[in-house]
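Structure, please.
(chains A, B, C and D)
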Number of protein chains: 2
Amino acid sequence: MSVDTQQAPRPRAGRTVAGRRRLRGALTRAAIDLFLERGYDTTTVDDIAAAAGVGRRTFFRYFRSKEDAIFPNHDELLVDIERRLADSDDERDPVETVCDAVRLVLDFYLRDPEVSLKRYALTRTVTSLRDKEVASVDRYQRVFTRYLRARFQAAGDPLAEMRAPIAAAAVAAAHNHVLRQWLRGDGAVDAHALADQAFATVRLAHSPATPGEPGDRTVVAVLRTSAPAPEVAERITKALARNPHDDAR
Amino acid sequence: MSVDTQQAPRPRAGRTVAGRRRLRGALTRAAIDLFLERGYDTTTVDDIAAAAGVGRRTFFRYFRSKEDAIFPNHDELLVDIERRLADSDDERDPVETVCDAVRLVLDFYLRDPEVSLKRYALTRTVTSLRDKEVASVDRYQRVFTRYLRARFQAAGDPLAEMRAPIAAAAVAAAHNHVLRQWLRGDGAVDAHALADQAFATVRLAHSPATPGEPGDRTVVAVLRTSAPAPEVAERITKALARNPHDDAR
DNA sequence: CTTGCTAGTGGCACTCCGTGCCGTTAGCAT
DNA sequence: ATGCTAACGGCACGGAGTGCCACTAGCAAG
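Numbering: from 1, shown residues only, chains lettered A, B, ... in the order given. Predicted coordinates for the structure are as follows:
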């Protein structure tokens, strides 16, 4: 009521892009810490907003829902990914391109281990948070599927429609596996190396490769029908890899 | 107030298992139809309950949330799946076993095309419903992952930890692809045939196969390094398939 | 038949989420 | 200094989901 009530005249964070980012980050940290301390459903949005020094209404200008508070801005990451895919070299293996793109996400998590670890503890524990996480993974997966379908079709694969979503799911799963191992490993895991391995596995299984490349050679693989498929795949790759022109990571 | 207010003295549906099932089905149908007619968020839980002739409170005894109303009972399906996996023949290809298990889900949807189609229309349109759907897929995927990890490890695959979630994701994606094609195809798609094809693709990419099987032969594959991987895979499978002992679907 | 027990039901009240609305105010430009 | 703009905070409202409890249908025992 009174005009001169003395209350903190904080500057308006949202005026600049950097300001918005800062406040968003503060809210996320507050949410994560409160959820871990007091439990997810015993923490109200009011609590989070108060902890970040803003009003409840403002919270919902930064996050669509209470669950969203702990997650990175996937919308931004998604446009990065889509740009990366759109700008990609059409000569390259499409699955490799997608693997490269998903590294953007991996790197994002790796950049802030503190928050990533806490978030992981929450998504493991709280069902609704895990569901949100899974939903966001699905959005990436859809983008990958669209890209791969177009590329597979362009390459004349009659099963493009089927292979695209399967390959996209495999890439997403590989990424999730790497991230999870890293989160559990407590610093002992080299995420990038593990990613190399995981993506190589996926490419081996799902890459179409482009025909008629330079360095085209003929190899002869001798196999036993009962050999484990991964072993077969490994041997063949090794054979194919003795190809000087390809130094894919 | 008055004791003799004349109101429908419906029998209590939930006394028997069949009764519970019936009421659950009625609620699901009511929810789906109302969501399609009036839109998801302009339909309240009260509306759904009233349409099914029960109280709002009862609705929440059958479904955890408003979103859940349109979905089949995944909990029941999940125990079926887990039992199927637990009872599976350990001699068989684990990926094949999982593919077989996921057919239980596929068949479930196929059994009621009417409802499945309407549900699909909703999950395509309403974000929160799609998210729920995706979350349930993830639960199946986790079960598959656990099973595959154990089997891969038992087979001595050092990369079991990595291959399991990737293969599980591929199987789930294959299933989703088949289901989606069937839902879009308006009866023109043979879901089982498509599933055979999709699962064959997945097995080709992710099956470890067991060594030392009867009918073990040696095949020679002649390949060009630049050949598309699917083509390579196809040729090799063909070669390996000339194996009389294996009549996998 | 009567009595008691059990379990599903429905109503009530409550908390909290998410949103529309609006007055207020910081920060900027003119 | 004066307006303009856009974020902010408060308020109120509808609806989701839950705990509580009285009620009653259906069953079991006497």
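
Not counting its own residues, what contacts stretch A:117-126?
A:32-33, A:35-36, A:40, A:70-71, A:129-130, A:133, A:180, A:183 (C-beta atoms under 8 Å, 6 or more residues apart in numbering or on different chains). In short, each C-beta sits where N, CA and C put it, glycine included.

would you turn the residues you listed into TSV with distance to DNA strand D?
Shown next, in TSV, are the contacts of stretch A:117-126 (distance: C-beta to the nearest atom of the strand, whole Å):
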residue	distance to DNA strand D
A:32	20
A:33	19
A:35	17
A:36	21
A:40	12
A:70	19
A:71	19
A:129	15
A:130	16
A:133	18
A:180	28
A:183	28
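
Serialize those residues to TSV and add fields for pLDDT and distance to residue A:139.
Shown next, in TSV, are those (pLDDT from 0 to 100; distance: C-beta to C-beta, whole Å):
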residue	pLDDT	distance to residue A:139
A:32	98	21
A:33	98	27
A:35	98	23
A:36	98	26
A:40	98	22
A:70	98	17
A:71	97	12
A:129	98	16
A:130	98	15
A:133	98	11
A:180	98	19
A:183	97	21
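
Next, format those as CSV and append distance to residue A:97.
Formatted as CSV, these follow (distance: C-beta to C-beta, whole Å):
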residue, distance to residue A:97
A:32, 33
A:33, 38
A:35, 36
A:36, 37
A:40, 37
A:70, 30
A:71, 25
A:129, 31
A:130, 29
A:133, 24
A:180, 23
A:183, 26
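
Among these, which lie within helices?
Assigned to helices by DSSP state H, the following of those qualify: A:32-33, A:35-36, A:129-130, A:133, A:180, A:183.

circling back to that earlier point, what about chain B: which of the contacts of stretch A:117-126 touch it?
Contacts with chain B are made by residue A:130 out of the contacts of stretch A:117-126, judged by C-beta under 8 Å from any C-beta of the partner chain.

For the helix or strand containing residue A:77, name the packing helices and strands.
Secondary structure assigned from DSSP states H and E places residue A:77 in helix A:74-86. Judged by 3 or more C-beta pairs under 8 Å, 6 or more residues apart in numbering or on different chains; DSSP states H and E, helix A:74-86 is in contact with helix A:94-111, helix A:127-154.

residues of it that come out buried?
Residues A:74, A:77-78, A:81, A:84-85 are the ones in helix A:74-86 that count as buried (16 or more other C-beta atoms under 10 Å in any protein chain shown).

Which of those residues sits closest to residue A:66?
residue A:74 (16.1 Å; C-beta to C-beta).

Name the SS class of residue A:48, please.
Secondary structure assignment for residue A:48 (DSSP: H, G, I helix; E, B strand; the rest coil): helix.

surely it meets residue A:34?
Yes - using C-beta atoms under 8 Å, residue A:48 is in contact with residue A:34, at 5.9 Å.

so who does the spatially most central residue of chain A touch?
The centre of chain A sits closest to residue A:105, judged by C-alpha atoms, centre = their mean, with a distance of 3.8 Å. For residue A:105, the contacting residues are A:77, A:81, A:140, A:175, by C-beta under 8 Å, 6+ apart.

now swap in residue A:99 and tell me
Going by C-beta under 8 Å, 6+ apart, residue A:99 touches A:171, A:174, A:199, A:202-203.

mind running it again at 7 Å?
A:171, A:199, A:202-203 (C-beta atoms under 7 Å, 6 or more residues apart in numbering or on different chains).

quick one, domains of chain A?
A:13-67, A:74-211, A:212-249 (automatic domain parsing).

so which of these is the most packed in?
Most buried of the domains of chain A by mean neighbour count (mean count of other C-beta atoms under 10 Å in any protein chain shown) is domain A:74-211; its value is a mean of 19.

returning to what we had before: could you tell me which residues touch both of residue A:48 and residue A:34?
Counting by C-beta under 7 Å, 6+ apart, nothing touches both residue A:48 and residue A:34.

which intervals of chain A have sub-threshold pLDDT?
A:1-12, A:14-15, A:209-249 (pLDDT under 70).

these two touch, right, residue A:24 and residue A:62?
Yes - Residue A:24 lies in contact with residue A:62 (C-beta atoms under 7 Å); the separation is 5.2 Å.

Touching, residue A:97 and residue A:88? I think so.
Yes - the pair residue A:97 and residue A:88 passes the contact test of C-beta under 7 Å, sitting 4.5 Å apart.

ok, back up a step: between the helix holding residue A:77 and helix A:127-154, how big is the angle?
Interaxial angle, helix A:74-86 versus helix A:127-154 (axes from the mean of the first three to the mean of the last three C-alpha atoms, to 10 degrees): 20 degrees.

Now do the same for residue A:188: helix, strand or coil?
coil.

Phi, psi for it please.
phi -90, psi -10 (degrees, to the nearest 10).

so who does it touch?
So residue A:188 contacts nothing (C-beta under 7 Å, 6+ apart).

hmm, 10 Å instead?
Shown in contact with residue A:188 (C-beta atoms under 10 Å, 6 or more residues apart in numbering or on different chains): A:181-182.

next one: residue A:141
When contacts are counted by C-beta under 10 Å, 6+ apart, residue A:141 is found next to A:102, A:165, A:168-173, A:175, B:134, B:169, B:173.

In helices only, show me those residues.
Short answer: the contacts of residue A:141 in helices (DSSP H) are A:102, A:165, A:168-173, A:175, B:134, B:169, B:173.

quick revisit: so what sits against both of residue A:24 and residue A:62?
A:13-14, A:52, A:69, A:73.

Might one say that residue A:192 is in contact with residue A:181?
No - applying C-beta atoms under 10 Å as the test, residue A:192 and residue A:181 come out as separate, 12.0 Å apart.

rewinding a little: closest one of the shared contacts of residue A:24 and residue A:62 to residue B:147?
The shortest approach to residue B:147 among the shared contacts of residue A:24 and residue A:62 belongs to residue A:69, at 34.3 Å (C-beta to C-beta).

What residues does that closest one make contact with?
Contact analysis of residue A:69 by C-beta under 10 Å, 6+ apart lists A:24, A:27-32, A:34-35, A:43, A:45, A:48-49, A:52, A:59, A:62-63, A:129.

One more pass at 6 Å, please.
A:28, A:31, A:63 (C-beta atoms under 6 Å, 6 or more residues apart in numbering or on different chains).
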